[in-house]
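Q: what would the 3D arrangement of this be:
(2 chains)
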Amino acid sequence: MAVVGRRFSRLSLPAKLFAVGLPVLLVAGILTVAVLILALPLVVSAAEDNLPLVRFLVAVVAVLLLTVPTAFLVIYLELKLIARMNLRIGPDRVGPFGAAQSVIHGLKVLTKEDFTPSGADRLVFTWAPVVVFMATVMTLLVIPFAPGLFGTDFNIGLLYVFAIGGLTIVGLLMAGWASFNKYSLLGGLRSAAQAISYEIPLSLSVVGVVILAGTLSLNQLVLNQAGSFLDWYVWQQPLGVLIFFIAAVAEANRTPFDLTEADSEIVAGFATEYSGMRFGFFFFAEYVNVFVVSALLVTLFFGGWTAPFDWPFPIEAPLDPGSLGITLLFLLAVVPVVATLLFALPFWLGRSSTPFWQALIIGFVIFNIVAVAAVLGWAFVSFDWVVGLLWFMAKSYVFVFVLVWMRATLPRVRVDQLMGFAWKWLLPAALLNLFVTASAVVILAELQ
Amino acid sequence: MTATRQPTDDSARYDIPAHASADDPRVLLEEQIGVYEPVPPFPPRTEREAEFYTVGDGEMLINIGPHHPSTHGVMRIVMKIDGEKVVDLDPVLGYLHRGVEKICENADFHQTITHLDPLEYVSSLFCEWPAVMAYEKLLDVEVPRRAEYIRVLSGELNRISSHALAIGFHALDLGGLTPILYSFIERDEIVEMLAALTGQRMLFNYFRIGGVNGDLNHEFMSRLGDWMSRATTEINANLGLLNENEIFVRRNRGLGTIDTETALRMCWTGPNLRATGLPFDLRRAHPYSVYPELDFDIPTRAEGDSLARYLLRVDEIKQSLRIIDQCLQQMPDGPVMAKLPRLLRPRPGRAWAGIEGPRGEYGVYAVSDGTDQPFRFRIHDPSFLHLQSFNLLIPGNLMADWMAVNASLDPIMGGVDK
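A: Next up, the predicted model:
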């Protein structure tokens, strides 16, 4: 290796990473294997004893990890969609169609200075973004993404969502107070006022659904809506959907209710004095919140992970890879080679100018695409959680799109208009919805 | 801190040591760092200042600007607020003061035109226009009719671009992201067009004493024809986002209302005055250039609120399109510059010229003493006069309303601070 012969400082960055990373990885790998071999029986027995706890921990880690791609995706969608609606091009430098732009944004806030203004209440200032972020992430725990794919199944799931979601406001208020800045203070106060006003219609709007379903568990709510799209609660609760959507937009501090961070009025609201990753946490939380709002809307009113219609041609996939036994190993060894050659053949034969190695590369790429498609298709028909997840994500991102669309279109409302709308229109409408639903349920029960 | 505070402009006069020490009233001590109160002048120079900086119970002072996102430049407003409600406010101007009037008194007549361009940088042609008109009065020059038509044509284009920007920024200040970019479609096309005509995108420096600098050229005409065919559609597309938007309309209706008498007393002109119902337009009231030969209406609105000011600008864009159309049809052939000596020495005297710009009356008052430089040079700027009405329009409303009123008045700080 020529790498070894040179002085370390003269190496290029990949070579440095290689020279440092490979030994570290090797040692770490060996250590891990050793520990696993020694401690595996202990770990397995401990895990078996505390299965709910293990499940909970895994769910928490999964949900925390999920927030990163979710936030990146929503940020990218917002950048790109608003750009297209503004007749701009939007991000197009990093990654295909600029898709890695939000990742770069994330790296940028990581590397920026983490600044605390003099006069700030340091403890509160530091913890405010954490509170906001955690409150948002914890709501993801009870959302059923697919059959069997949820953090935990609370019997008071809906109540939990509102309780934890309300904590976001505490974080914003902390940030506004601790920043020692009048703009921040105004932003924090606005967020508190807004939250108190909109929590009430938000909570009341779903009581109709709860009366219909007779449960607060989000899983049970989704199961109640299984069937066709006619079974969704949106048809029985049209007013409830509308109120919930408006109030949820206000809860998520999105346009036209983004008064807490109104950039043309109070600069950046509660986030004025924040920089670096603390600022990043606020915005991670905001964009995850967009997804949470959409997911809740889908879960409560649009059937959650259930398909809107039954696929008319039921597909059976009797293929069980385990039953193939040693043949599976054989297939895994032979099929890639044969398929690559087969896919390469037309390119090699068809154009005399294509050298065989180019044809091989093309064939290999095509084989990979086909293989991934085949595996996904097999997973799709074999596991119903794949189908469920797909439907859930598709429905959720429709509403994410609507939220982004609103941001591109609507101006911001004024503080008094915001309050007036909540108390004069949304609250009476929510009460009316509740009254009509409850009456209908009682009357129908009497009739039967 | 306030007890020993001294005027801090000249250290020698007040025997302040050259190096800062803790005794120096200019040095912020550790416990004072982070107190970002707007510091009132000490002692207060006027009764009004003393009253304003006395903060009552539950009130606080907040600085808007000079680098706030929606101040349209570098205006600073010290606002006394009670919660979100504005109790009182005090505009602090001068952050963009460059002394243009004085500079112009030390430049010769041709050079002054260059200094006037950056005054209202979104409508530069209207800053040049009154100056060249005043000099032409001093020199008694007859401007060729083709030059006058070109002035009107380019001026109306500039008016459209300025109004388009005002509409876009109005929406941006209310939190709408898209209208400003749709406005820039119009503005960018017009700016490119005028760049083809004048050679500059922003500070055109196009009008000359006795004419204009250069005739219409092919690129300008082809761009203009291309744009005129689709202008109405594009402008209407943008307006659809605002006129039919309930949030936008509700935030502006009945806000910052002023009646005609008060507006006149506060020296308002232009669209802001016409939005109160008075059809006062210098193009008709004191006709200049070739405006008497052109057929256009003077739109007015009776309400006098922010929404009326916004809608009036929309109406004016449509009238400007009419004027441009007529200019293109009626434009005579001929020279675009009067024959003038290179060095201008007008007879001693004084001249005033005022024109109708996109924000109101732009005027220049020039006094000549017979040399090649103006002896005295004064600029009348409409934005400055509109800003002085803030105390009539804002107090009692919410903080966010200041942004809407400010955007609807459409001040440009380059012109305000001169």
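Q: quick one: low-confidence residue ranges for the stretch 151-300 of chain A.
A: Of all residues in the stretch 151-300 of chain A, none has pLDDT under 70.
Q: quick check: the residue of it nearest chain B.
A: Relative to chain B, the nearest point of the stretch 151-300 of chain A is A:S264 (4.1 Å; Cβ to the nearest Cβ). Quick note: C-beta positions are derived from backbone N, CA and C, even for glycine.
Q: residues contacting that residue?
A: Applying Cβ atoms under 8 Å, 6 or more residues apart in numbering or on different chains, we find A:S264 in contact with A:412, B:69-70, B:172-175, B:403.
Q: repeat the analysis, applying 7 Å as the threshold.
A: B:69-70, B:172-173, B:175, B:403 (Cβ atoms under 7 Å, 6 or more residues apart in numbering or on different chains).
Q: closest to A:N86 among the residues you listed?
A: Relative to A:N86, the closest of those is B:L172; by Cβ to Cβ it sits at 11.7 Å.
Q: residues touching the closest one, list them.
A: A:264, B:180.
Q: hmm, 6 Å instead?
A: With contact set as Cβ atoms under 6 Å, 6 or more residues apart in numbering or on different chains, B:L172 has these partners: B:I180.
Q: just say helix, strand or coil for it.
A: helix (DSSP: H, G, I helix; E, B strand; the rest coil).
Q: and it, how close does it get to B:A302?
A: To B:A302, B:L172 is 27 Å away according to Cβ to Cβ, to the nearest Å.
Q: and B:R265, what pLDDT?
A: Listed pLDDT for B:R265 reads 90.
Q: nope, A:F313 is what I meant
A: Looking at A:F313, its pLDDT stands at 64.
Q: again with B:Q319
A: Predicted confidence (pLDDT) for B:Q319: 90.
Q: next, count neighbours for it.
A: 19 (other Cβ atoms under 10 Å in any protein chain shown).
Q: do the one 3 residues further on as well
A: Applying the criterion other Cβ under 10 Å, we find 14 residues in the vicinity of B:R322.
Q: pLDDT value on the closest residue to it other than its chain neighbours, please?
A: Nearest non-adjacent residue to B:R322, counting by Cβ to Cβ, 6 or more residues apart in numbering or on different chains: B:F296, 5.3 Å away. Confidence at B:F296, expressed as pLDDT, is 89.
Q: can you tell me the SS state at B:F296?
A: coil.
Q: which residues are in contact with stretch A:356-369?
A: Under the criterion Cβ under 6 Å, 6+ apart, residues A:339-340, A:343-344, A:347-348 lie in contact with stretch A:356-369.
Q: if we can go back for a sec, hmm, which of the contacts of A:S264 are the buried ones?
A: Using 16 or more other Cβ atoms under 10 Å in any protein chain shown as the burial test, the contacts of A:S264 include B:69-70, B:172-173, B:175, B:403 as buried.
Q: near the residue in the stretch 301-418 of chain B that chain A sits nearest to, how many other residues are there?
A: Nearest residue of the stretch 301-418 of chain B to chain A, counting by Cβ to the nearest Cβ: B:A400, 4.8 Å away. The number of residues packed around B:A400, counting by other Cβ under 10 Å, is 25.
Q: same question, A:L42
A: 9.
Q: that one: which element?
A: Using DSSP states H and E, the element containing A:L42 is helix A:13-49.
Q: cool, A:V413 as well?
A: Counting by DSSP H and E, A:V413 is found in no helix or strand.
Q: now do A:W378
A: helix A:356-382.
Q: residues of chain A that sit close to chain B?
A: Chain A has residues A:86, A:118-119, A:182, A:256, A:263-265, A:408, A:410-415 near chain B, with proximity defined as Cβ under 6 Å from any Cβ of the partner chain.
Q: hang on, the earlier thing: where does the residue of the stretch 151-300 of chain A closest to chain B land in three-state SS?
A: Under three-state DSSP, A:S264 comes out as coil.
Q: dump the residue contacts of the nearest residue to it once chain neighbours are set aside.
A: Of all residues not flanking A:S264 in the chain, B:S70 sits nearest, at 4.1 Å (Cβ to Cβ, 6+ apart). Applying Cβ under 6 Å, 6+ apart, one finds that B:S70 lies in contact with A:264, B:173, B:403.
Q: just send those residues back as JSON lines, with distance to B:G414 too.
A: Converted to JSON lines, the contacts of B:S70 look like this (distance: Cβ to Cβ, whole Å):
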{"residue": "A:S264", "distance to B:G414": "20"}
{"residue": "B:D173", "distance to B:G414": "18"}
{"residue": "B:M403", "distance to B:G414": "20"}
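Q: pick the one among the residues you listed closest to A:A195.
A: A:S264 (21.8 Å).
Q: B:L282: how many residues sit nearby?
A: 19.
Q: can you give me the pLDDT of the nearest residue in space to A:F343 that is not next to it in sequence?
A: Of all residues not flanking A:F343 in the chain, A:G363 sits nearest, at 3.8 Å (Cβ to Cβ, 6+ apart). With respect to pLDDT, A:G363 has a value of 87.
Q: ditto for A:G388
A: Confidence score, pLDDT, at A:G388: 84.
Q: give me every residue that touches it.
A: With Cβ under 6 Å, 6+ apart, A:G388 has these contacts: A:146-147, A:305.
Q: if we go to 10 Å?
A: A:144-149, A:222, A:304-307 (Cβ atoms under 10 Å, 6 or more residues apart in numbering or on different chains).
Q: repeat for B:T46
A: Neighbours of B:T46 in contact, by Cβ under 10 Å, 6+ apart: B:F52.
Q: and it, backbone torsions?
A: Dihedral angles of B:T46 (phi, psi; degrees, to the nearest 10) stand at phi -130, psi 170.
Q: which ChimeraX command selects the buried ones in the residues of chain A next to chain B?
A: Applied in ChimeraX, the following selects the buried portion of the residues of chain A next to chain B according to 16+ other Cβ under 10 Å:
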select /A:86,119,182,256,263,264,265,408,410,411,412,413,414,415
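Q: correct me if wrong, but B:A366 is in a strand.
A: Yes. Assignment of B:A366 by three-state DSSP places it within a strand.
Q: for it, give its distance to B:G270.
A: With Cβ to Cβ as the criterion, B:A366 and B:G270 are 22 Å apart.
Q: with B:G210 instead?
A: Counting by Cβ to Cβ, the gap from B:G210 to B:G270 is 27 Å.
Q: compare neighbour counts for these two and give me the winner.
A: B:G270 (26 against 21).
Q: would you agree the more buried one is in contact with B:G354?
A: No. Between B:G270 and B:G354 there is no contact under Cβ atoms under 10 Å: 11.2 Å.
Q: give me the subset of the contacts of stretch A:356-369 lying in helices.
A: In this view, these that belong to helices under DSSP state H are A:339-340, A:343-344, A:347-348.
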